[in-house]
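1. give me a model of this one.
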Amino acid sequence: MDNSGNHQDAVVPPVEGVAGGGTAYGWNDGIHDLSPLKGSIDPTQIPTRHLVHVWCMPSTANVGPQDMPRHLEPVSLLAARNERESVQIAIRPKVFWGHSGVAGTVQVQCSDLCSTSGDRLILGQSLQLRRVVPILGVPDALVPLDLPVSQISLFPGETAALWVSIDVPSAQPPGLYEGEIVVTAIKADVESPGQSLNKAEKHQLYKELKGCLDLVEHIDGKPLDEVVERVKSVTTSLRRVLLSPSFSEFFADNGSVDMMDEDAISSLSVRVKLSLTVWEFILPITPSLPAVFGISDTVIEDRFGVQHGTAEWYEALDRHFYWLLQYRISPYFCRWGDGMRVLAYTCPWPVDHPKSDEYFSDPRLGAYAVPYSPVVPCNDAVKDYLQKQIEILRTKTHWKKAYFYLWDEPLNLEQYDTVRNMASGIHALAPDARVLTTYYCGPNDAPLAPTPFEAFVKVPNFLRPHNQIYCTSEWVLGNREDLVKDIISELQPENGEEWWTYVCMGPSDPHPNWHLGMRGTQHRAVMWRVWKEGGTGFLYWGANCYEKATTPSAEIRFRHGLPPGDGVLYYPGEVFSSSHQPVASLRLERLLSGMQDFEYLKLYASRYGKDEGIALLERTGTYIGPERYTLEHMPIDAMRGEIFNACRS
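-> Prediction:
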């Protein structure tokens with residue numbers, strides 16, 4: 001697979017109104033079809049490779065509609081257990097065989113990934129397929145496709161991209177797993193593959209069914225746990241057989257479909273070979289870096305028409321919370337008050353509700369926000385409410401994950417004093433409580449030092465002892481990584497003080513951030529930067545903070561005055577289909593990849609030291625500084641490969 005990402009030797013026109021570059025728009029350096037087909041085309045009679053280009057791209061590539069083709073090569077990936085790895089498949093029509101403005105239709109079929117020992121990564125569980133949908137013309141939304149068979153409409157002169165994700169369970173046996181994704185050009189009115197099996201297909205089904213029989217034929221006298229495992233394995237295999245394209249006419253009541261025979265499909269299709277090496281390392285279920293991300297409850301209330309505090313409101317927040325945990329982030333819900341005062345809470349239920357313990361004890365949660373005042377109006381005064389919460393939470397083992405987030409970016413002496421007074425009340429009830437404050441400057445009406453940066457560095461001394469987590473903007477540093485030492489030198493880690501960072505409107509291109517239109521490696525580099533600089537936590541202000549709408553399916557509009565994509569990392573599923581599940585962005589997936597890279601680097605540093613870890617980042621060309629990181633994917637694979645070779649048992 002050509003995993004170099006977007007070519008960098010061409011001048012790439014920027015996307016109007018979008019930060020960053022590298023979106024692959026506008027050049028023409030691909031593979032050209034020198035003998036285009038003429039006249040009426042029957043895709044059932046012509047190899048698919050003559051009708052479409054199919055090629056693969058890494059997860060950091062922004063594959064836009066004007067991307068030009070490349071040669072198709074097998075995909076080879078590496079993943080630890082409890083890790084997600086992704087790759088993209090690009091498809092571009094060469095000719096027109098469709099109708100009504102559609103160049104043509106292709107059918108995409110997936111299979112399980114199997115090892116030689118019979119272990120599987122199961123389609124629909126570990127293996128997911130999503131279509132990349134542009135937002136403001138930039139590839140970003142990942143809309144789920146049907147499995148095991150989907151149909152994709154292709155448009156003249158446009159490249160479509162599919163996002164393939166593989167989630168490796170923590171208990172998955174290490175080894176090499178192989179499978180394929182089959183792309184077949186079809187007639188527009190074809191709805192399912194044919195049912196006539198060739199010899200190879202019959203042999204495969206025979207092996208699957210015989211394997212099931214072998215597993216359950218001799219279970220008499222076997223230990224119960226072994227019997228259970230065998231039955232589970234047989235169930236998995238039978239499910240795969242029943243969900244195979246051979247039986248797709250029974251997936252839904254589609255009736256009989258006139259389709260080419262399977263022998264023709266085998267010879268005419270384009271087959272994308274996919275292999276994944278799973279190694280022994282298990283990513284910790286609790287992220288090593290607590291990354292807390294805000295979810296606006298008012299945005300959910302407005303768009304989904306749920307009233308604050310109702311059963312429907314709790315259900316909506318619950319759905320968002322558990323969906324976001326898969327991205328190794330710790331969600332907190334929030335609403336802003338006067339100025340930049342923020343009510344931040346991870347669990348909407350009262351602290352004495354069973355759901356509270358369920359949320360806070362979830363091992364995937366790295367940190368949780370405790371609300372300073374009632375989330376849902378009640379009869380308790382703020383002080384009584386706070387005391388009750390703290391008294392209960394301090395008896396729990398998960399109390400060490402708790403923090404209070406009271407104010408977002410205080411600017412003047414009055415706001416800083418408000419933070420100190422609120423924190424003082426918390427610490428009177430719990431001296432070991434952690435208060436987090438985000439900031440990018442000291443109080444502007446009472447300078448703490450002669451220069452803005454010196455005043456910024458002096459904030460810890462000004463807030464102490466009322467603040468424990470000093471969460472600073474990466475924008476303040478610019479490209480001066482050496483300034484990190486000045487910040488850290490002001491902290492007292494021996495007294496439990498921590499340094500966290502955040503990104504929002506800034507920093508802007510070329511620094512790492514999650515704005516729409518930035519390079520894929522730029523998105524992923526946010527966490528490389530955190531790891532290299534030594535931050536012990538990370539905060540992002542909002543993942544669903546788009547403009548107000550009052551229907552779930554309303555068009556997504558980014559907030560005026562913010563860089564496109566800022567504050568929006570996922571979309572409501574109703575915008576794209578009837579699904580109620582949120583739709584991830586490319587940027588959210590790359591955030592996850594960065595969080596996983598953080599675990600790789602932490603493992604490497606635990607064996608060889610932090611300096612060697614930094615040397616590895618720089619030696620492979622993955623990340624040197626906020627303006628010097630790879631623009632291509634290959635160095636990322638090189639870095640991960642070196643860690644794999646150095647740290648595998």
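
2. distance-wise, check Gln128 relative to Ser59.
-> 13 Å (Cβ to Cβ, to the nearest Å). Quick note: C-beta positions are derived from backbone N, CA and C, even for glycine.

3. looking only at neighbour counts, state which of the two leads.
-> Set Gln128 next to Ser59 and count neighbours by other Cβ atoms under 10 Å: Ser59 wins out with 25 against 19.

4. the more buried one reaches Ala79, doesn't it?
-> No. Between Ser59 and Ala79 there is no contact, the gap being 11.9 Å when judged by Cβ atoms under 8 Å.

5. helices of the stretch 251-400 of the chain, start to end?
-> With DSSP state H, counting those that start in this stretch as the criterion, the stretch 251-400 of the chain has helices at 262-268, 297-304, 311-325, 354-360, 382-393.

6. I'd like the ones you listed as JSON lines, with mean neighbour count, distance to Thr437 and mean pLDDT appended.
-> Formatted as JSON lines, those follow (neighbours: other Cβ atoms under 10 Å; distance: least, Cβ to Cβ, whole Å; pLDDT from 0 to 100):
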{"stretch": "helix 262-268", "mean neighbour count": "17", "distance to Thr437": "61", "mean pLDDT": "62"}
{"stretch": "helix 297-304", "mean neighbour count": "20", "distance to Thr437": "21", "mean pLDDT": "97"}
{"stretch": "helix 311-325", "mean neighbour count": "16", "distance to Thr437": "23", "mean pLDDT": "98"}
{"stretch": "helix 354-360", "mean neighbour count": "16", "distance to Thr437": "22", "mean pLDDT": "97"}
{"stretch": "helix 382-393", "mean neighbour count": "16", "distance to Thr437": "18", "mean pLDDT": "94"}
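
7. which one of those lies nearest to Leu539?
-> Nearest of the helices of the stretch 251-400 of the chain to Leu539, taken as Cβ to Cβ: helix 311-325 at 14.4 Å.

8. quick one: least confident helix or strand in the chain?
-> Sorting the helices and strands of the chain by mean pLDDT, DSSP states H and E puts helix 262-268 at the bottom, at a mean of 62.

9. got any ranges where the chain has weak pLDDT?
-> 1-39, 189-201, 203-204, 207, 229, 232-233, 236-237, 239-266 (pLDDT under 70).

10. centroid-nearest residue for it?
-> Glu589 (2.3 Å; Cα atoms, centre = their mean).

11. what about it, distance to Tyr623?
-> Separation of Glu589 from Tyr623 (Cβ to Cβ) stands at 19 Å.

12. give the contact list for Gln415.
-> Shown in contact with Gln415 (Cβ atoms under 8 Å, 6 or more residues apart in numbering): Gly339, Met340, Trp407, Pro443.

13. next, it: phi, psi?
-> phi -70, psi -40 (degrees, to the nearest 10).

14. for Asp338, see how far away it is.
-> 10 Å.

15. so who does Gln307 touch?
-> Glu301, Trp313.

16. how does it look with 7 Å?
-> Trp313 (Cβ atoms under 7 Å, 6 or more residues apart in numbering).

17. swap in Thr437?
-> By Cβ under 7 Å, 6+ apart, the neighbours of Thr437 are Trp407, Pro410, Val419, Leu463, Asn467, Tyr470, Cys471.

18. confirm it sits in a strand?
-> Yes. Counting by DSSP: H, G, I helix; E, B strand; the rest coil, Thr437 falls inside a strand.

19. what pairs with it across the strands?
-> Tyr470 (DSSP bridges).

20. any figure for the gap between it and Leu586?
-> Distance from Thr437 to Leu586, counting by Cβ to Cβ: 31 Å.

21. can you check Leu386 too?
-> Taken as Cβ to Cβ, the span from Leu386 to Leu586 is 40 Å.

22. can you check Ala61 too?
-> For Ala61, the distance to Leu586 - Cβ to Cβ - is 10 Å.

23. higher neighbour count, these two?
-> More neighbours surround Leu586 than the other of Ala61 and Leu586, with 31 against 28 (other Cβ under 10 Å).

24. how about that one: what's its closest non-neighbour residue?
-> Using Cβ to Cβ, 6 or more residues apart in numbering and skipping the chain neighbours, the partner closest in space to Leu586 is Asp140 (5.1 Å).

25. helix, strand or coil: sort out that neighbour for me.
-> Asp140 ends up strand, using three-state DSSP.

26. mind listing what it touches?
-> Shown in contact with Asp140 (Cβ under 7 Å, 6+ apart): Pro134, Leu516, Ser585, Leu586, Arg587.

27. closest one of those residues to Trp541?
-> Arg587 (14.5 Å).

28. contacts only, for the residue lying closest to the closest one once chain neighbours are set aside.
-> Spatial nearest neighbour of Arg587, chain neighbours left out: Trp514 (4.6 Å); criterion: Cβ to Cβ, 6+ apart. Taking Cβ under 7 Å, 6+ apart, we find Trp514 in contact with Val503, His523, Val526, Gly565, Leu569, Arg587, Leu591.

29. now for the residues you listed: which two are most distant?
-> By the measure Cβ to Cβ, Val526 and Gly565 form the most distant pair in the contacts of Trp514, at 13.0 Å.

30. circling back: name the nearest of the contacts of Asp140 relative to His353.
-> Ser585 (32.0 Å).

31. my guess is the closest one contacts Ala141. True?
-> Yes. Taking Cβ atoms under 7 Å as the definition, Ser585 is a contact partner of Ala141 at 6.2 Å.

32. between those two, which contacts overlap?
-> Common contacts of Ser585 and Ala141, defined by Cβ under 7 Å, 6+ apart, comprise Tyr571.

33. where do the helices of the stretch 501-649 of the chain begin and end?
-> For the stretch 501-649 of the chain, the helices defined by DSSP H, counting those that start in this stretch cover 520-533, 586-608, 610-619, 634-647.

34. which one (most neighbours) among the contacts of Asp140?
-> Leu586 (31 neighbours).

35. ok, the closest residue in space to Pro510 that isn't next to it in sequence - how many residues close by?
-> Nearest residue to Pro510 in three dimensions, chain neighbours excluded: Glu627, at 5.5 Å (Cβ to Cβ, 6+ apart). Per other Cβ under 10 Å, the neighbour tally for Glu627 reads 13.

36. host element of Asn479?
-> Counting by DSSP states H and E, there is no helix or strand that carries Asn479.

37. setting the sequence-adjacent residues aside, check what's closest to it.
-> With Cβ to Cβ, 6+ apart as the measure, Glu627 is the residue that lies nearest to Asn479, at 4.9 Å, once sequence neighbours are left out.

38. OK, contacts around that neighbour?
-> Asn479, Pro510, His511.

39. what about the last one, distance to Ser100?
-> This means His511. Per Cβ to Cβ, His511 is found 45 Å from Ser100.

40. of the contacts of Asp140, closest to Pro65?
-> Nearest member of the contacts of Asp140 to Pro65, counting by Cβ to Cβ, is Pro134, at 7.1 Å.

41. in stretch 170-177, what counts as buried?
-> Gln172, Pro174, Tyr177 (16 or more other Cβ atoms under 10 Å).

42. swap in stretch 426-435?
-> Within stretch 426-435, the residues scored as buried using 16+ other Cβ under 10 Å are Ile426, His427, Ala430, Ala433, Arg434, Val435.

43. the first one contacts Asp432, doesn't it?
-> What it means is Ile426. No. In this structure, Ile426 is not within contact of Asp432 by Cβ under 7 Å, at 10.4 Å.

44. what sits in contact with each of these two?
-> Listed as contacting both Ile426 and Asp432 by Cβ under 7 Å, 6+ apart is no residue at all.
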